[in-house]
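Undergrad: Dropping the sequence and predicted coords here.
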Amino acid sequence: MKRFLAFLFALLFGITPGRPQTDELFLTYSHVTVEETETASGGFIRAVWLSQFDMQPLYRDGNKQRDEQSFAKLIRLMMRTLVSDGFDTVFLQLRPNGDSMYESEVYPLSKYVAGSYGGSIAYDAVQTVVDTAREFGISVHGWINPLRLVTSEEITLIPTGYAVRDWFDAQNGYVKEYGGRLYLDPSYAEVRELIASGAKEILDRYGLDGIHMDDYFYPTTDASFDEAEFASSGFDDVGDFRRNNINLLVSLLYDTAHACGAVFGISPAGNLDSLADGYFADAKLWCSSEGYIDYILPQLYFGFANKYCPFDVMVSRWADAVTNDSVSLYIGLSAAKAVLGTEGELDVYAGTDEGKREWIEHNDILARSLKVIYGDERVSGYCFFSYSYLYDRMTGEVADGMEKEYEGLQALLTNEVRR
């Protein structure tokens, strides 16, 4: 644990092997300096997810890539906004659908940056994000969804020569269709190696601080998804077979990240009880054993009145699950639910009428959540989903629908963590 915290502390200060040091890391932006934010956190991270949906309106200007100067200006505004509220880490989506936000040798260029599959770009927008974040002292982790691919229609737009297209054409079982979308099958070593190669390319190209894996594991519990592979696997139980495949992928990504001097972590769905059999994600094993993850970041997108997963109870349960001292626990928070609550949207899976209306009737859920996090010394940080639910991407102002929640939240965002 101490080794990882020391490494994370170095990352938060922008000190990584081969990275030039600059006094610019300690320039003051708004009312918080980078130095103050990092010293106060003491290894406690405050992060935001930057999804493809957050970034697409910045990458694109109508039907063309936004010009480089305008894009750079918007990214500077984004980083200044984040630092002013104490954030020190971003998880930047680079591979949402078996594609790439930069020109990759491994995966095709994403429609979110190029406009369409088979499109092109004039400059590397990811490099601009990474360079600007570093200037502001913000740690950047590359976020990947490892198994989810494009649709059957979209993949025909992808040039041949990319493995995902060639495997689809070959119908060799590596790419499977479910629910109108394509997925990689992790039971094949070649698939796992492709995913790891893509992660290595990200780390080699940008020198990021980590690789971050999202919660898209197996898309279904239906046995027909990989019936032939299971039949020849030697396993007696399809659940054990699938969990083993995911574990092999996770350990490979962990080894890949560490070989590049980076960390690796996963953000699974928040209900600890549904992961092993619903997603075939053995989070309890990862949190208790060596060689899988450096951190776990469960998506606890729950209110306090949720019948099945009340927020405070789930924080404690996840903390109990992390028994390996080298694994850190961060908590995922949903700014989206706060905004959608102001629009009258029910939390339909909350289990009770009170729980379903909780985000509609209360505008202090995120503030109360942060108090729970700060009060549990086993928790080492948090991450908000996502930027555009917190802030307007074009102005940096508080996002529509977030104003009331933000009034009670802002002071807590920059709160010094004393442990």
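TA: Received it, and whenever you're ready, just let me know what you need.
Undergrad: Please make it C-alpha for all contacts and neighbour counts, starting now.
TA: Fine.
Undergrad: ok, longest helix in the protein?
TA: Secondary structure of the chain read by DSSP state H shows that its longest helix is helix 238-259.
Undergrad: Can I get that helix as PDB, trimmed to CA atoms?
TA: C-alpha atoms of helix 238-259 as PDB (Å, rounded to 0.1, in the frame of the first residue of the first chain):
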ATOM      1  CA  VAL A 238     -20.100 -21.400 -17.400                       C
ATOM      2  CA  GLY A 239     -19.800 -18.800 -14.600                       C
ATOM      3  CA  ASP A 240     -16.500 -20.100 -13.600                       C
ATOM      4  CA  PHE A 241     -15.400 -20.200 -17.200                       C
ATOM      5  CA  ARG A 242     -16.300 -16.600 -17.800                       C
ATOM      6  CA  ARG A 243     -14.900 -15.300 -14.600                       C
ATOM      7  CA  ASN A 244     -11.600 -17.000 -15.400                       C
ATOM      8  CA  ASN A 245     -11.500 -15.300 -18.800                       C
ATOM      9  CA  ILE A 246     -12.100 -11.900 -17.200                       C
ATOM     10  CA  ASN A 247      -9.500 -12.600 -14.600                       C
ATOM     11  CA  LEU A 248      -7.000 -13.500 -17.200                       C
ATOM     12  CA  LEU A 249      -7.700 -10.200 -19.000                       C
ATOM     13  CA  VAL A 250      -7.500  -8.200 -15.800                       C
ATOM     14  CA  SER A 251      -4.200  -9.700 -14.800                       C
ATOM     15  CA  LEU A 252      -2.800  -9.100 -18.300                       C
ATOM     16  CA  LEU A 253      -3.800  -5.500 -18.200                       C
ATOM     17  CA  TYR A 254      -2.300  -5.100 -14.700                       C
ATOM     18  CA  ASP A 255       1.000  -6.600 -15.900                       C
ATOM     19  CA  THR A 256       0.900  -4.400 -19.100                       C
ATOM     20  CA  ALA A 257       0.400  -1.200 -17.100                       C
ATOM     21  CA  HIS A 258       3.100  -2.000 -14.600                       C
ATOM     22  CA  ALA A 259       5.600  -2.800 -17.300                       C
END
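Undergrad: Would you mind listing the buried residues in that helix?
TA: By neighbour count with 16 or more other C-alpha atoms under 10 Å, helix 238-259 contains the buried residues 238-239, 241-258.
Undergrad: ditto for stretch 224-241
TA: Applying a neighbour-count criterion of 16+ other C-alpha under 10 Å, the buried positions in stretch 224-241 are 225-226, 229-230, 238-239, 241.
Undergrad: Over to stretch 345-365?
TA: Buried residues in stretch 345-365, counted by 16+ other C-alpha under 10 Å: 346-347, 350, 354-360, 363-365.
Undergrad: Format the buried residues of stretch 224-241 as CSV; extra columns: distance to residue 374 and pLDDT.
TA: Below are those laid out as CSV (distance: C-alpha to C-alpha, whole Å; pLDDT from 0 to 100):
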residue, distance to residue 374, pLDDT
225, 42, 97
226, 43, 98
229, 45, 98
230, 44, 98
238, 40, 98
239, 36, 98
241, 38, 98
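Undergrad: Put together CSV for these, with distance to residue 415 on each row.
TA: Formatted as CSV, the entries for the buried residues of stretch 224-241 read as follows, by distance: C-alpha to C-alpha, whole Å:
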residue, distance to residue 415
225, 47
226, 48
229, 51
230, 50
238, 47
239, 43
241, 45
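Undergrad: Now tell me what touches the longest helix of the chain from outside.
TA: Surrounding helix 238-259, the residues in contact under the criterion C-alpha atoms under 8 Å, 6 or more residues apart in numbering are 186-187, 192, 196, 199-200, 203, 210-211, 217, 223, 230, 233, 235, 263-265, 276-277, 280-282, 291-293.
Undergrad: Could I have the buried ones of those as PyMOL selection syntax?
TA: Isolation of the buried members of the contacts of helix 238-259 (16+ other C-alpha under 10 Å) is achieved in PyMOL through the command below:
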select buried, resi 186+187+192+196+199+200+203+210+211+217+230+263+264+265+276+280+281+282+291+292+293
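Undergrad: among the contacts of helix 238-259, which are in strands?
TA: When strands are assigned by DSSP state E, the members of these inside them are 210-211, 263-265.
Undergrad: from the residues you listed, which is closest to residue 408?
TA: The shortest approach to residue 408 among those belongs to residue 265, at 29.9 Å (C-alpha to C-alpha).
Undergrad: ok, the closest one - contacts?
TA: Neighbour list for residue 265: 210-213, 254, 293-297 [criterion: C-alpha under 8 Å, 6+ apart].
Undergrad: which two from those end up farthest apart in space?
TA: Maximum pairwise distance among the contacts of residue 265 (C-alpha to C-alpha): 15.1 Å, between 254 and 297.
Undergrad: Going by residue numbers, what spans are helices in the stretch 301-419 of the chain?
TA: When secondary structure is read from DSSP state H, counting those that start in this stretch, the stretch 301-419 of the chain shows helices at 311-321, 335-342, 353-356, 358-361, 365-375, 387-390, 403-413.
Undergrad: could you redo these as JSON lines and give each row mean pLDDT?
TA: Written out in JSON lines, the entries for the helices of the stretch 301-419 of the chain read as follows (pLDDT from 0 to 100):
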{"stretch": "helix 311-321", "mean pLDDT": "98"}
{"stretch": "helix 335-342", "mean pLDDT": "98"}
{"stretch": "helix 353-356", "mean pLDDT": "98"}
{"stretch": "helix 358-361", "mean pLDDT": "98"}
{"stretch": "helix 365-375", "mean pLDDT": "97"}
{"stretch": "helix 387-390", "mean pLDDT": "98"}
{"stretch": "helix 403-413", "mean pLDDT": "95"}
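Undergrad: Let me have these in a markdown table, extended by distance to residue 78.
TA: Compiled in a markdown table, these are given as follows (distance: least, C-alpha to C-alpha, whole Å):
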| stretch | distance to residue 78 |
| --- | --- |
| helix 311-321 | 29 |
| helix 335-342 | 17 |
| helix 353-356 | 32 |
| helix 358-361 | 26 |
| helix 365-375 | 21 |
| helix 387-390 | 9 |
| helix 403-413 | 16 |
